[in-house]
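> build the 3D model from these lines:
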Amino acid sequence: MTTLPHNLQAEQGLLGALLFDNSALDRLCALAPGDFFDPVHGRIYAAIVAGVRAGRLMDGVTVKQALSGDPGLAELGGPAAYLMRVMEQAAPLTSQAQAYAEVIRDLASRRAIYRICQETARAALAAEGEAVSIASEAERALQAIGGGAGAREVSLRDAGARVVESLSRPYRGLSTGITELDRLTGGLIAPDLIIIAGRPGMGKTSLAVNIACNVASDSVVSEDGAAIRSRVAAFFSMEMSAEQLAGRALSRRSTASGAMAFGYSTLYAREARPRPDQVAPLVLKLPDTLRIDDGASQTMAHIRASCRDIRARFGALDLVVVDYLQLAVDPAVRKDGKVQEVSAISAALKGLAKDMSVPVIALSQLSRAVESRIDKTPQNSDLRESGAIEQDADIILFAYREHYYLSQSEPRVREGEDEGDFDKRKREHAKRKFETQNTFTAICGKRRNGPVGVAELRCDLAHDIIADPDENEPPTRRQPYWKDD
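Next comes the predicted model:
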């Protein structure tokens with residue numbers, strides 16, 4: 001029979017230290033009675049905690065009274081005799097008691113992992129449910145380990161100190177690499193869930209790719225300005241392949257290089273395709289720390305596991321992008337309908353941002369209601385499938401291009417309209433279409449910790465570029481990644 005990991009001496013040492021000094025309880029990591037391998041030790045710990053919280057002194061005498069009828073202690077020689085043995089094993093220093101508590105917590109987590117793996121193996125052998133569902137349930141259970149109340153708590157004073165420290169930076173979070181967008185959002189702040197929403201053709205994927213590339217091309221710097229490491233971004237693309245995203249990035253690079261300028265579509269057009277020797281040098285300029293996972297439909301369990309893997313391999317994870325939310329899968333609620341599934345995924349993305357302390361950008365489709373209105377400007381109620389997206393999001397950004405709708409609605413002669421009036425209206429339409437052909441409007445429909453507003457950006461979607469309206473204006477923190485030549 002497998003012996004589960006435990007350390008009875010550490011449990012006795014911690015309990016003995018608490019009996020000698022109740023104040024040590026305030027300096028321990030969060031422990032629950034169930035974290036102790038020996039149930040008797042768990043009950044002793046519970047008695048100490050309950051008494052201290054009630055304002056009583058809990059020493060050998062008072063704990064003996066509290067557990068006088070405990071059958072487990074009776075088998076060990078009675079409360080008095082066993083508590084005396086525990087106090088003889090007491091950790092001599094408070095720091096050592098803290099170390100014992102961490103050992104106990106770690107061993108409890110290992111036992112929990114073992115039980116989850118056993119249950120997962122049993123479910124897999126019994127063919128209970130789909131494999132994806134079994135894996136999702138196992139991931140949820142594993143994710144919960146170590147996440148008990150108080151495990152990651154921080155004092156209000158410490159949180160306030162972090163706020164003060166952030167005031168020394170141009171923006172509290174990561175820079176998007178686009179000055180006007182940083183002004184609108186305040187930067188990408190962990191653990192915010194940022195929704196970029198729009199109808200097809202608005203450029204929301206282009207905006208997300210620009211931001212991810214800019215972040216991955218940035219570096220974490222020390223106080224003296226030296227680069228410590230490159231920032232790391234994870235991009236989960238369920239609609240476009242990694243090669244397609246790379247093609248967009250290369251076309252952007254080619255435009256900046258000055259030696260040539262080909263659009264994304266040119267890579268796949270046989271008659272105008274650039275030579276390999278022209279494109280190859282640009283590959284070396286693409287950020288290696290932007291990691292792309294292009295599975296067609298991905299579960300939140302897979303996304304979480306991939307994020308943990310990337311963080312383990314690179315030592316950090318600074319940004320997560322999911323393109324797009326409605327294509328992610330949650331097998332546990334899929335049978336309940338798309339609305340419930342999208343709601344669960346939205347909540348899971350917010351949970352991912354909090355658990356990994358990283359900003360998460362999720363792209364979202366809008367409903368067709370936008371198309372039926374005269375004013376095509378998107379609003380929060382247009383978010384598709386679920387109101388939970390609006391509730392969970394910290395920031396909602398709408399991607400809007402007036403030029404797209406102007407191109408879809410060429411003027412027609414109205415009944416009774418003379419030729420001169422029609423020509424004037426047609427020329428005004430053409431003028432407005434020309435003026436907006438390189439304009440991208442980012443509309444902030446929700447910002448939990450700041451005002452909403454609008455940012456007018458410059459776009460060239462043929463080359464997958466979205467940037468500040470005045471390219472000669474220096475960005476607040478650095479050049480966008482395609483302009484560092």
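> and A348, how far is that from D392?
Distance from A348 to D392, counting by C-beta to C-beta, to the nearest Å: 9 Å. Quick note: C-beta positions are derived from backbone N, CA and C, even for glycine.
> surely V413 meets D421?
No. Counting by C-beta atoms under 8 Å, V413 does not reach D421; the two are 9.3 Å apart.
> from L25, how far off is S175?
Counting by C-beta to C-beta - S175 and L25 are separated by 43 Å.
> try A50
A50 sits 11 Å away from L25, going by C-beta to C-beta.
> likewise A124?
For A124, the distance to L25 - C-beta to C-beta - is 41 Å.
> which of the two has more residues huddled nearby?
Taking neighbours as other C-beta atoms under 10 Å, A124 and L25 compare with L25 leading, 19 against 14.
> on the three-state scheme, the more buried one is what?
helix (DSSP: H, G, I helix; E, B strand; the rest coil).
> could you report the neighbour count for G186?
17.
> and if you look at A393?
Neighbour number of A393 under other C-beta under 10 Å is 26.
> which residue packs closest to it, ignoring adjacent ones?
I195 (4.4 Å; C-beta to C-beta, 6 or more residues apart in numbering).
> same deal with T185?
Closest to T185 by C-beta to C-beta, 6+ apart is I395, at 5.6 Å.
> quick one, phi psi at that neighbour?
For I395, the backbone dihedrals (degrees, to the nearest 10) come out as phi -140, psi 130.
> what of the one 5 residues further on?
Here the main-chain torsion angles of Y400 (degrees, to the nearest 10) amount to phi -140, psi 130.
> if it is in a bridge, with which residues?
Beta-bridge partners for Y400, by DSSP bridges, are T441.
> go ahead and confirm it touches T441.
Yes. With contacts counted by C-beta under 8 Å, Y400 reaches T441, the gap being 4.5 Å.
> out of the two, which sits in the busier spot?
The residue with more neighbours, out of Y400 and T441, is Y400; 24 against 20, by other C-beta under 10 Å.
> quick one, what contacts that one?
Residues near Y400 by C-beta atoms under 8 Å, 6 or more residues apart in numbering: G198, M202, K376, T377, P378, F440, T441, A442, I443.
> which helix runs longest in the protein?
Counting by DSSP state H, the longest helix found in the chain is helix 94-125.
> give me the helices and strands touching the strand or helix carrying A50, please.
Using DSSP states H and E, A50 maps to helix 39-53. Contact here means 3 or more C-beta pairs under 8 Å, 6 or more residues apart in numbering; DSSP states H and E; on that basis helix 39-53 packs against helix 8-20, helix 60-66, helix 71-75, helix 79-88.
> tell me which of those helices sits nearest to L245.
helix 8-20 (49.8 Å; C-beta to C-beta).
> tell me the angle the closest one makes with helix 39-53.
Between helix 8-20 and helix 39-53, the angle comes out at 20 degrees (axes from the mean of the first three to the mean of the last three C-alpha atoms, to 10 degrees).
> what residues sit buried inside helix 8-20?
Neighbour-count burial for helix 8-20 flags A10, E11, Q12, G13, L14, L15, G16, A17, L18, L19, F20 (criterion: 16 or more other C-beta atoms under 10 Å).
> distance of A347 from M300?
Taking C-beta to C-beta as the measure, A347 falls 9 Å from M300.
> more neighbours, the two?
Just comparing A347 and M300: by other C-beta under 10 Å the higher neighbour count belongs to M300, 24 against 18.
> still on that earlier bit, in a helix, the residue nearest to A393, correct?
No. Counting by three-state DSSP, I195 is not found in a helix; it is strand.
> identify the residues contacting it.
L325, I361, A362, L363, S364, L383, I389, A393, I395, I396, L397.
> L174 now?
Shown in contact with L174 (C-beta under 8 Å, 6+ apart): G187, L188, I189, V215, D218, R231, D318, L319, P359.
> same deal with D392?
L193, S346, A347, L349, K350.
> now R56
Counting by C-beta under 8 Å, 6+ apart, R56 touches T62.
> phi, psi for it please.
phi -100, psi 150.
> now do the domain split for this protein, please.
The record's domain parsing of the chain by automatic domain parsing lists 8-144, 173-401+436-483.
> surely S367 and L383 touch.
Yes. Using C-beta under 8 Å, S367 makes contact with L383 at a distance of 7.5 Å.
> who has more neighbours, those two?
L383 (25 against 14).
> one step back: reformat the buried residues of helix 8-20 as JSON lines; add pLDDT.
Formatted as JSON lines, the buried residues of helix 8-20 follow (pLDDT from 0 to 100):
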{"residue": "A10", "pLDDT": "90"}
{"residue": "E11", "pLDDT": "90"}
{"residue": "Q12", "pLDDT": "90"}
{"residue": "G13", "pLDDT": "90"}
{"residue": "L14", "pLDDT": "90"}
{"residue": "L15", "pLDDT": "90"}
{"residue": "G16", "pLDDT": "89"}
{"residue": "A17", "pLDDT": "88"}
{"residue": "L18", "pLDDT": "89"}
{"residue": "L19", "pLDDT": "88"}
{"residue": "F20", "pLDDT": "87"}
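> mind putting those residues into CSV with distance to A66?
Output for the buried residues of helix 8-20, formatted as CSV (distance: C-beta to C-beta, whole Å):
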residue, distance to A66
A10, 23
E11, 18
Q12, 18
G13, 21
L14, 18
L15, 13
G16, 16
A17, 18
L18, 13
L19, 12
F20, 17
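> in the stretch 301-450 of the chain, where is pLDDT below threshold?
Within the stretch 301-450 of the chain, the stretches with pLDDT under 70 are 330-337, 384-386.
> okay, helices next: where are they in it?
Taking DSSP state H, counting those that start in this stretch, the helices of the stretch 301-450 of the chain run over residues 338-356, 388-392, 402-408, 419-435.
> distance to A141 added to those helices, as TSV?
Shown next, in TSV, are the helices of the stretch 301-450 of the chain (distance: least, C-beta to C-beta, whole Å):
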stretch	distance to A141
helix 338-356	14
helix 388-392	22
helix 402-408	45
helix 419-435	55
